[in-house]
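Student: Sequence and predicted structure are below.
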Amino acid sequence: MIDTHCHLFLSEYDPDRQQIIEKCINAGIEKMINPNVDDTTLNNLKELTTKFPKHIYAAYGLHPCSVKSDYRIKLELIRSFAAETSMVAVGEIGIDLYWDTNFLNEQKKALEIQFQWAIEKNLPVIVHTRNGFDVAYEIVQTFSGLTGVFHAFTGNREQAIKLIEKGFYLGIGGIITFKNSGLDRVVSELPLDYILLETDSPYLAPAPYRGKRNEPIYLRQIAEKIAMIKNIGIEEVEAITTENAKRLFKL
Ligand SMILES: [Zn+2]
């Protein structure tokens, strides 16, 4: 299986990063895609991909929560850093109006610039939206030839279909295991061909680990939940979502 979204370069894993990654690989989570956060996380992420070249893959971008008035300088730093290293996507980028709405215009501009960057590099995008789906989707619509994933998707059926029609995948993670998320109903009606599995480690650990530090190994809890919802075998969920990830990220 492939964890299409985790942040193993963050300090939460400083005490036991190596063991966590080896445990995952041994358990069949053979690849883990790590989207960057901002200019302070670039070196740690690159170091990790160098250490585990067959298992850890990087996406580079500026996270919307790190977009402030100096975003152009940060984008330039990230862009020049990424020019000299391998990456499978532009991310994590998007719109987040949950924590701070003061930089909405900057977030929109940064997203446009990074979408354009992805098109130039012929790479998919990893999009984060929190209270920002409509704003992000509006910008997506102004681009053609763009593909990628809306990670930690929690939207409704209409939003899911709009994304699929635009050539996007939906990243499904621990939230689907939370009681009353409503996401199980949405996912039950969607074709598996557009779903990617992700943990968003260290955040959003699935039940029964909710609230604890998340790990890519819990991807299996998410696959199990999807199998249950769709009334199919976990092997089928694993096989199809792994193919989806390989197709999108050209792994
Ligand atoms: Zn993330």
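Tutor: Cool, the structure landed.

Student: looking at this, Thr241 is in a helix?
Tutor: Yes - looking at Thr241 with DSSP: H, G, I helix; E, B strand; the rest coil, it is inside a helix.

Student: How many neighbouring residues does it have?
Tutor: Other residues near Thr241 come to 26 when the count uses other C-beta atoms under 10 Å. In short, each C-beta sits where N, CA and C put it, glycine included.

Student: switch to numbering from 31
Tutor: Sure, I'll start counting at 31 from here, so that last one is Thr271.

Student: ok, for it, nearest residue in space, not its chain neighbours?
Tutor: Among residues not flanking Thr271 along the chain, Leu227 sits closest, at 4.8 Å (C-beta to C-beta, 6 or more residues apart in numbering).

Student: if I look at the one you found, how far off is Asn274?
Tutor: 9 Å (C-beta to C-beta, to the nearest Å).

Student: Quick check on these two: which one has the bigger neighbour count.
Tutor: The residue with more neighbours, out of Leu227 and Asn274 and counting by other C-beta under 10 Å, is Leu227; that gives 26 against 21.

Student: Buried residues in the longest helix seen in the chain, which are they?
Tutor: Using DSSP state H to define each element, the chain has its longest helix at helix 134-151. Neighbour-count burial for helix 134-151, counted by 16 or more other C-beta atoms under 10 Å, picks out 134, 136-141, 143-145, 147-149.

Student: and what of stretch 109-124?
Tutor: For stretch 109-124, by 16+ other C-beta under 10 Å, it's Arg109, Phe111, Ala112, Met117, Val118, Ala119, Val120, Gly121, Glu122, Ile123, Gly124.

Student: swap in stretch 240-259?
Tutor: Neighbour-count burial for stretch 240-259 flags 244-253, 255-257, 259 (criterion: 16+ other C-beta under 10 Å).

Student: Show me the contact partners of it.
Tutor: Stretch 240-259 has contacts (C-beta atoms under 8 Å, 6 or more residues apart in numbering) with 31, 33, 36, 38, 42, 50, 53-54, 57, 59, 62, 202-204, 206-208, 214, 217-218, 222, 225, 227-237, 239, 263-264, 266-268, 271.

Student: ok now that stretch, how far from the chain's centre?
Tutor: 15 Å (C-alpha atoms, centre = their mean, to the nearest Å).

Student: Can you check the distance spanned by it, start to finish?
Tutor: Counting by C-alpha to C-alpha, to the nearest Å, you get 19 Å between the two ends of stretch 240-259.

Student: Having no further points to raise, I will conclude here.
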